[in-house]
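In: Fold the following and give me the result.
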Amino acid sequence: MELAFIPSPSRGVLYLGPIPLRGYAFCIIIGVFVAVWLGNKRWIARGGRTGTVADIAVWAVPFGLIGGRLYHVITDYQLYFSEGRDWVDALKIWEGGLGIWGAIAFGALGAWIGCRRRGIPMPAYADAVAPGIALAQAIGRWGNWFNQELYGKPTDLPWALEITSSSDGRVPGTYHPTFLYESLWCIGVAFLVIWADRRFRLGHGRAFALYVAAYCTGRAWIEYMRVDDAHHILGLRLNVWTAILVFLLAVAYLVVSSKKRPGREEVVEPAAVASGDAADSGEKSEDAGKDDEVADEAETEADTAEDPAENAAKDEAGSGKKT
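Out: Next comes the predicted model:
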């Protein structure tokens, strides 16, 4: 008998009159807001304008949702197109089913379009939003908890996840809460990227590459624990192979980029330099110049008041020369 476990909600949707409030959707929405908020702070700190991250997110988020859903439907097509299934369910994104690989790939495409429209280097934008994306994933994983899905192997550990639903092939019991493992891992990835970015001043997309590599490392072992149906290649789940491949690509980018383009971008948003933001910088430089003048005057005054006796001696010597 289990002494403790993580209970699953009896249902993943509440109704406010005729309006359904779905836990899965709420987790995705909250994650997007957190990613935009943190990305905006990091973008401003690097010299960008307020609101730029949100403007580009208008492109990136819809593309990411479409890409995530496409990846899920393609890799789990049997859930929607096999005998007895209704293909219309493939459009019901609110019921769960987003593949992070497709979401990042298509989201990057949307971000690229937004960056091109704003004249912003895509790698710099990716670096700014990387830790926010990791936090968005950490929050979004709780949507799987609401839907009682994507859990791991059976276990009786104190933090086991209780599954009560028996629909879609589920067997009630207690399992490894892989959604929780991945959520915690993503939080760790976010803090790792923030620390490394400050410590090594990562630029030209390397902060984003570090996020990708770190996420893939965790996803590989977490994916290996899951028991939901999945395609296998040489005994490993498809997503494990995807994590390995993407990890290698991210590490290769880190190495090549650091050699070809060391350092960090000096300007991330040219429009910010040519607008009022540049004027603000000029005012700060002018103030700094005034401070330097004040310091020079103080230093001069200090020099003239070195030693009264020495000054008196100099004056006496000067008087003798005059006579």
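
In: ok, residue 58 - contacts?
Out: Residues in contact with residue 58, defined by Cβ atoms under 8 Å, 6 or more residues apart in numbering, are residue 114. Placement of C-beta: from N, CA and C, glycine included.

In: could you say which helix or strand contains it?
Out: Assigned by DSSP states H and E, residue 58 falls within helix 52-75.

In: now that helix: mean pLDDT?
Out: What helix 52-75 shows for mean pLDDT is 95.

In: Show me what counts as buried in it.
Out: The neighbour-count check on helix 52-75 (16 or more other Cβ atoms under 10 Å) flags 52-53, 56-57, 59-61, 63-73, 75 as buried.

In: Let me see the ranges of the strands in the protein.
Out: 13-16, 19-22, 161-163, 173-175, 232-233, 236-237 (DSSP state E).

In: Packing partners of the third one?
Out: Which is strand 161-163. Judged by 3 or more Cβ pairs under 8 Å, 6 or more residues apart in numbering; DSSP states H and E, strand 161-163 is in contact with strand 173-175.

In: What is the strand it packs on packed up against?
Out: Short answer (3+ Cβ pairs under 8 Å, 6+ apart): strand 173-175 packs on strand 161-163.

In: which of the residues in the strand it packs on are buried?
Out: For strand 161-163, a neighbour-count test (16+ other Cβ under 10 Å) marks 161-163 as buried.

In: For the stretch 101-250 of the chain, which segments are assigned as helices?
Out: Using DSSP state H, counting those that start in this stretch, the helices found in the stretch 101-250 of the chain span residues 122-140, 142-147, 178-200, 206-225, 238-260.

In: out of those helices, deepest packed?
Out: Comparing the helices of the stretch 101-250 of the chain by mean neighbour count (mean count of other Cβ atoms under 10 Å), helix 122-140 ranks first with a mean of 25.

In: Tell me how far it lies from the chain's centre.
Out: Computed by Cα atoms, centre = their mean, to the nearest Å, the chain-centroid distance of helix 122-140 equals 2 Å.

In: got the buried residues of strand 161-163 as a markdown table, with distance to residue 275 and pLDDT columns?
Out: Below are these laid out as a markdown table (distance: Cβ to Cβ, whole Å; pLDDT from 0 to 100):
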| residue | distance to residue 275 | pLDDT |
| --- | --- | --- |
| 161 | 51 | 95 |
| 162 | 55 | 94 |
| 163 | 54 | 94 |
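
In: and which of these is nearest residue 85?
Out: Residue 85 has its nearest neighbour among the buried residues of strand 161-163 in residue 163, at 22.1 Å by Cβ to Cβ.

In: any idea how far that closest one lies from residue 156?
Out: Plainly put, residue 163 is 13 Å away from residue 156 if you go by Cβ to Cβ, to the nearest Å.

In: Also residue 18?
Out: According to Cβ to Cβ, residue 18 stands 42 Å off from residue 156.

In: Which one's more surrounded, the two?
Out: Legend: neighbour count by other Cβ atoms under 10 Å for residue 18 and residue 156, higher for residue 156 (12 against 5).

In: Do I have it right that that one meets residue 174?
Out: Yes - with contact defined as Cβ atoms under 8 Å, residue 156 reaches residue 174; the gap is 6.2 Å.

In: residues contacting residue 72?
Out: For residue 72, the contact set (Cβ under 8 Å, 6+ apart) comprises 97-99, 102.

In: if you set the cut-off to 6 Å instead, what comes out?
Out: Residues near residue 72 by Cβ atoms under 6 Å, 6 or more residues apart in numbering: 97-99.

In: try residue 57
Out: Shown in contact with residue 57 (Cβ under 6 Å, 6+ apart): residue 36.

In: Can you tell me how far it is from residue 221?
Out: The gap separating residue 57 from residue 221 is 30 Å, by Cβ to Cβ.

In: do the same with residue 94
Out: Using Cβ to Cβ, residue 94 is found at 29 Å from residue 221.

In: follow-up on the earlier one: top of the contacts of residue 72 by neighbour count?
Out: For the contacts of residue 72, the largest neighbour count, defined by other Cβ under 10 Å, is 22 neighbours, found at residue 97.

In: Identify the spatial nearest neighbour of that one, chain neighbours not counted.
Out: residue 72 (4.3 Å; Cβ to Cβ, 6 or more residues apart in numbering).

In: any chance of the helices of the stretch 101-250 of the chain in a markdown table, plus mean pLDDT and distance to residue 29?
Out: Listed next are those as a markdown table, based on pLDDT from 0 to 100; distance: least, Cβ to Cβ, whole Å:
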| stretch | mean pLDDT | distance to residue 29 |
| --- | --- | --- |
| helix 122-140 | 97 | 9 |
| helix 142-147 | 92 | 10 |
| helix 178-200 | 97 | 16 |
| helix 206-225 | 96 | 21 |
| helix 238-260 | 96 | 24 |
